[in-house]
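1. Here's my sequence, what's the structure:
(one chain, ligands or ions: 2)
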Amino acid sequence: MLDAPIAATPHAAIQRGDYLPPDWLVPEIALDVTLDPARTHVRARLTVRRNGTHNRPLRLDGDGLNAFAVTIDGEELHDAWRMDGPALVIDLAGDDHLIETEVEIAPSLNSALMGLYESGGILCTQCEAEGFRRITFFPDRPDVLSRYTVRMEADKARYPVLLANGDAMDAGDLPAGRHYALWRDPFPKPCYLFAMVAGDLVANHGIFTTRSGRDIALGIWVRPEDLAKTDHAMQSLKASMAWDERVYGREYDLAIFNIVAVSDFNFGAMENKGLNIFNSRYVLADADTATDADFDAVAGVIAHEYFHNWSGNRVTCRDWFQLSLKEGFTVFRDQQFSADQGSAAVKRIEDVRALRAAQFPEDAGPLAHPIRPEAYIEISNFYTATIYNKGAEVIRMLRALLGADGFRAGTDLYFERHDGHAATCEDFIVAMEDATGADLAQFRLWYSQAGTPRVTAALDYDAPGGRARLTLTQTVPPTPGQPDKAPMPIPLKVALLGERSGQSIHAEQLVTLDAEVGEVLFDGLTERPVLSINRGFSAPIMLDSDRSAADLAFLSAHDDDPFARYEAMQQLMLQSLVGGVATGTIDHAPVIDAVRRTLTDPTLDAAFIAEAVLLPSEAMIGDQLGAVDPDAIHHVREALRVDLGRTLDHAWRDAYARTHANRYDYTPLAKGMRRLRTVALGFIAASGADDAARLAFDQFAQADNMTDRQGALGVLANGTAPERERALADFYARYRDDPLVIDKWFSAQALSTRADTATQVAALSRHPDFTIANPNRMRALIGAFAVNQRAFHDLAGGGYAFVADMILAVDRRNPQTAARLVPALGRWRRFEPARSAAMRAELERIIATPGLSKDVCEQVSKSLG
Ligand code: B3K
Ligand code: ZN
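-> Numbers count the residues shown, from 1 in each chain. Ligands and ions are numbered 1, 2, ... in the order given. Now for the predicted structure:
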């Protein structure tokens, strides 16, 4: 099996350099849709116009569509059109025509959740990136912008609400219990932003008055039983609308803004013009069913999709290679928004943790790609942490380099220049240059080079001279297709702290390392300086510094940049853990002292303490090592956790007691208390204390909010006490009718640190509530299991074959959801030989399976290649 030849992917790659403007434009489209789950009739009238001088035919993309009527300027000309594979090709003389097509589609059979599909009795659409071609024949590319008129017709009892993009123009009853609605969107848009929803929905209605005094009718549409959980989403939407006016000068443009929540959705949400469609987990929230993290995620995703109205919709992408133009920028915007809502420091820590957990491994593996890729086979595979999160870091660096005002001048110019058009990443950079006079020639490397740069920092102190020299060196590692890299401009915020005084002795300064080696000189120093570098995580790099454990401990207690302070603790922990895995021995004392100091520092807020005292994840420790041995990592990390729990028992109990107040309140202060409370509980449990399970169960049983309840459940799920089964059973019984909470029940077990987790997960996949048809449930059980390093890589647990079987089973129904599981196996080269071979064998088994989707085929063959 291992020696079997790797099947070459039979699918052609699309190259960025091959871009050509569209042959035909479609200024207007009128859709007439008669909705029915089994047989929906779609009639499309396209006004088409030849673009430039050429004699090429009109090519309309289709995917699984059968044209049963095609007319050209009102006539059925049978020999003027033909099918070319899935596409419809029409020979046309002259420059302007009216093309009409009719097709029938079956939303209830659409398990891929792309195009028009059914979710819990609601008919809804998802078109990005290439779903519109599953609804009607159309040039499905983002640089063809059209004005849409949409007439929907359906059974009124079953689908009393009919929504589409834009303004509601007309609605009325029809004979036989049917009704219709007519929508028109005045803003030209690419077809990936088209949306339509029909269902038995109710709305939380609101009004937002824009700064120019227009009243916008807001609606958050959900199933009637979910209405009570929509207030947080509504507040978040209003806050986002006000924030974008204030911070970016962007006002909403239509009279209506609707959001619809559906339970079956391939990702988080979708920014369709005036009609965002959301995975219900990013809309529904109340204290009893959603954690603080869930509330934050709702606000973040609502903001993200709303912000796309300018960064994505008014200015869209020329082609899918430019995806980060809208996604990186919009993630950066939502990060800024969330930072402004609560603790900016904690938000930055969370963002960097997410980047390191998802993007750094991607950038170091077989699927590494620049934020503007050069080629793709299936564009759905490129909605990645690199495009989104590294893309956001690149925008953040631009802002650091140009200053807040320069950056704002750049975004103003960008929006003004490209409004109503499809733009490129290059257009964005040029707008930044033109607005500020900056030269971003070298900065463009961040768009073209993949891989996480590694920076070495060494500080030499000349005590008699009162001087210090900082030497910086960078290397950018090779990535697939990019063996050699040029040096990048790396903006590093740097400061010096005095070892004796604990005070800043050189204020923060922005140093841009733009060559392989760079030097910075400091003078007038009266005490030994300790280096604080990459403050605020100013550049998405990996840093090797010559700072000793004592220096890191010092910074973890004194650095005045909260991110750098957190980071010093992380690096101290990491040094010690990585050393422990390598040598088998580990001195816990420096970490324990630093944690004690942070935990008992009265000047720190609870939210920061909770983040700072957490050990780096097992996966992150693995990322520092040559050949990952998950058992060794687990044991070294657990030993430190146990020691931290035991040695600091009093401090954990003290932290637990002082965060005990249990009246629910959604404020940054109360959130921080809850976070620290469960972190402390985790350490108390790690210590093996006799009363730990009882404490956890009491927290579980007495909680008046999901954060405390889920926190306690997670702690219990790691152990073997009888309280574990009781809590899991109670939790299940209480929430059996709430799918989003049952997802948590599955995840708590899939993330367990217990040795039998792989077996338990396999058993849970046979639970009556498990289904591969729902992407949230898949993520909750299989996705969570695949990131549980020890459990997934437990050789006796059979996790690799289990996940491979899942990929194959899901691929037949929903290729996007299947392809998302591939990277977990795709990292096989990083593991010790036995695991590496076993993972690779599963990839070989997948690729040898006939009938794979393009999505899975691309990810698996790249992982093997
Ligand atoms: N733009 C969508 C993502 C679409 C994913 C398509 N595979 C949501 C977002 O990023 O806002
Ligand atoms: Zn987005």
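
2. Please count neighbours and contacts with C-alpha atoms only from this point.
-> Noted.

3. list the buried ones in the helix or strand where residue 405 lies?
-> Assigned by DSSP states H and E, residue 405 belongs to helix 391-418. For helix 391-418, the neighbour count (16 or more other CA atoms under 10 Å) marks 391-402, 406-415, 418 as buried.

4. Run through who's touching whichever helix or strand comes after it.
-> Using DSSP H and E, the next helix or strand after helix 391-418 towards the C-terminus is strand 422-423. Outside strand 422-423, the residues within contact range by CA atoms under 8 Å, 6 or more residues apart in numbering are 142, 143, 315, 316, 317, 318, 322.

5. which among those residues gets closest to residue 58?
-> residue 143 (15.3 Å; CA to CA).

6. Now do the contacts for the closest residue to the closest one other than its chain neighbours.
-> Leaving aside its sequence neighbours, residue 143 sits nearest to residue 318 (CA to CA, 6 or more residues apart in numbering; 4.9 Å). When contacts are counted by CA under 8 Å, 6+ apart, residue 318 touches 142, 143, 422, 423, 424.

7. Contact partners for the closest residue to ligand 1 within the stretch 501-650 of the chain?
-> For the stretch 501-650 of the chain, the residue closest to ligand 1 is residue 540, as judged by CA to the nearest ligand atom, at 20.6 Å. Going by CA under 8 Å, 6+ apart, residue 540 touches 390, 393, 452, 453.

8. check contacts around the residue nearest to residue 291 when sequence neighbours are not counted.
-> Once flanking residues are discounted, residue 291 sits nearest to residue 707: 4.2 Å by CA to CA, 6+ apart. With contacts defined as CA under 8 Å, 6+ apart, residue 707 is in contact with 290, 291, 292, 674.

9. and the gap between residue 243 and residue 249?
-> According to CA to CA, to the nearest Å, residue 243 and residue 249 sit 9 Å apart.

10. where along the stretch 601-750 of the chain do the helices fall?
-> Shown for the stretch 601-750 of the chain, the helices assigned by DSSP state H, counting those that start in this stretch span residues 606-612, 618-623, 630-647, 649-658, 668-686, 692-702, 706-717, 722-735, 739-750.

11. Tell me which of those sits most buried.
-> Highest mean neighbour count of the helices of the stretch 601-750 of the chain: helix 706-717, a mean of 25 (counted as mean count of other CA atoms under 10 Å).

12. if we can go back for a sec, can you lay out the helices of the stretch 601-750 of the chain as JSON lines showing mean pLDDT and distance to ligand 1?
-> Shown next, in JSON lines, are these (pLDDT from 0 to 100; distance: least, CA to the nearest ligand atom, whole Å):
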{"stretch": "helix 606-612", "mean pLDDT": "98", "distance to ligand 1": "27"}
{"stretch": "helix 618-623", "mean pLDDT": "98", "distance to ligand 1": "25"}
{"stretch": "helix 630-647", "mean pLDDT": "98", "distance to ligand 1": "32"}
{"stretch": "helix 649-658", "mean pLDDT": "97", "distance to ligand 1": "38"}
{"stretch": "helix 668-686", "mean pLDDT": "97", "distance to ligand 1": "26"}
{"stretch": "helix 692-702", "mean pLDDT": "98", "distance to ligand 1": "35"}
{"stretch": "helix 706-717", "mean pLDDT": "98", "distance to ligand 1": "26"}
{"stretch": "helix 722-735", "mean pLDDT": "98", "distance to ligand 1": "29"}
{"stretch": "helix 739-750", "mean pLDDT": "99", "distance to ligand 1": "20"}
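
13. All set, thanks.
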